[in-house]
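**Q** below are the sequence and a predicted model; questions follow.
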Amino acid sequence: MFRMWGKIFKDNRLVSDTVSCISDYSLTRTQMVFQALTEICCRLDLGEPIWLDANIRAFQLHAKTRFSQDNFIEQIDFDFLEIQIIEE
């Protein structure tokens, strides 16, 4: 099962989190990542962030990345959203 953890941080404190589980292995890893991110943003009532080159590199290296205000079109009331793959 593919699981991704989404966490919202404000002032260095975890404010909210959720885990997305995907069991459809007919999808590619990239499709599972995007589907999980969509589910996480829906649960946390957020617009989907824009992937910048730095996010792509960090995610490829560490299976983890952070989205700050630069990644969102609308104004956010937290410091960053962090996503991390916890199981593949």
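**A** Good, I have the coordinates.

**Q** can you get me a residue count around residue 73?
**A** Close neighbours of residue 73, defined as other Cβ atoms under 10 Å, add up to 9. All C-beta atoms are positioned from the backbone trio N, CA, C, and that covers glycine.

**Q** can you report how many residues neighbour the closest residue to residue 18 other than its chain neighbours?
**A** Closest residue in space to residue 18, ignoring its immediate chain neighbours: residue 43 at 4.7 Å, by Cβ to Cβ, 6 or more residues apart in numbering. Applying other Cβ under 10 Å, we find 14 residues neighbouring residue 43.

**Q** what is the burial count for the spatially closest residue to residue 11 that is not a sequence neighbour?
**A** Distances taken as Cβ to Cβ, 6+ apart place residue 79 nearest to residue 11, at 6.9 Å, with adjacent residues excluded. Neighbour count of residue 79, defined by other Cβ under 10 Å: 16.

**Q** confidence score at residue 79?
**A** Residue 79 is assigned 95 on the pLDDT scale.
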